[in-house]
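Asker: structure for this input, please:
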Amino acid sequence: MLTAVLVFAGVAALVNITPGLDTLLVLRASLAHGRKAGRAAALGILLGCLVWGLAAAVGLTALLTASHIAYDGVRIAGACYLAWLGASALWRTRRRPCDGGGDSPAPDEIPDGRMAAFRSGLGTNLLNPKAGVFYMSLVPQFLPHGAPVFGSTLLFTAIDVMELAVWYWVVSGAAAALGERLRRPCFRRRTEQASGLALLGFAAGLAVEST
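Answerer: Numbering: from 1, shown residues only. Modelled structure (predicted):
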């Protein structure tokens, strides 16, 4: 069992540090609202991972691959949610033009972003069927023969979530430090535009994906 745990931890670490939607959300929140908002987004993502891991442990995620309707329903809902997040980000930049005072901090037109960041992290994770398929398809490959499926799946899920927590702690801290140094109107506007376009790209990719 120890060997399986170590091998899984290594593979999961490589998957977790690969740039993707979740990392983008943590970066976006950290740059726009600071370290606490970035970690709020991370908390939402981690909670979503725990839900998917529990669902995999009891066999619910098997429905995503067994039923095209279930998979497509989650996929389309996730694509719509990402499109809404991306469009909202672009709309905010339309209302926050760059001015000549590039060195002065921009007024924060968005209320404290921690709850919004948490909701976006949780929502995008739970509405991404790939997250469920990850736990359903990857974890069983590392289960030792005869090991209890429920307990072992929860163990591997906990390992994955702890690795993600460390990774997002690093990402949010680095992004927040950068944001504090470059917290100018034009920088924040360009960052929001880039993240909005990226979210729309993720939404399009999820929408056109086939099972």
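
Asker: what packs against the lengthiest helix in the chain?
Answerer: With secondary structure taken from DSSP state H, the chain has its longest helix at helix 149-181. Judged by 3 or more CB pairs under 8 Å, 6 or more residues apart in numbering; DSSP states H and E, the packing partners of helix 149-181 are helix 2-16, helix 21-33, helix 35-57, helix 129-137. For the C-beta atoms, the positions are set from N, CA and C on the backbone; glycine is no exception.

Asker: and of these, who's closest to Ala77?
Answerer: Taking CB to CB, helix 129-137 is the member of the helices and strands packed on helix 149-181 nearest to Ala77, at 9.4 Å.

Asker: buried sites along the closest one?
Answerer: By neighbour count on 16 or more other CB atoms under 10 Å, the buried set for helix 129-137 is 129-136.

Asker: what is that helix packed up against?
Answerer: Judged by 3+ CB pairs under 8 Å, 6+ apart, helix 129-137 is in contact with helix 35-57, helix 62-66, helix 68-94, helix 149-181.

Asker: quick one: it to helix 68-94, angle?
Answerer: Relative orientation of helix 129-137 versus helix 68-94 (axes from the mean of the first three to the mean of the last three CA atoms, to 10 degrees): 140 degrees.

Asker: how far off centre is stretch 196-205?
Answerer: Per CA atoms, centre = their mean, to the nearest Å, the displacement of stretch 196-205 from the mean C-alpha position of its chain is 13 Å.

Asker: per-residue confidence for Arg114?
Answerer: Looking at Arg114, its pLDDT stands at 82.

Asker: now for the closest residue to it other than its chain neighbours, how many residues are close by?
Answerer: Leaving aside its sequence neighbours, Arg114 sits nearest to Ala40 (CB to CB, 6 or more residues apart in numbering; 4.2 Å). When neighbours are counted by other CB atoms under 10 Å, Ala40 registers 27.

Asker: from memory Ala40 sits against Leu122, does it?
Answerer: No: contact criterion CB atoms under 8 Å: Ala40 and Leu122 do not qualify, at 9.8 Å.

Asker: any common contacting residues for these two?
Answerer: Counting by CB atoms under 8 Å, 6 or more residues apart in numbering, Ala40 and Leu122 have no contacts in common.

Asker: ok, back up a step: out of the helices and strands packed on helix 129-137, nearest to Ala117?
Answerer: Closest to Ala117 of the helices and strands packed on helix 129-137, according to CB to CB: helix 35-57, at 3.9 Å.
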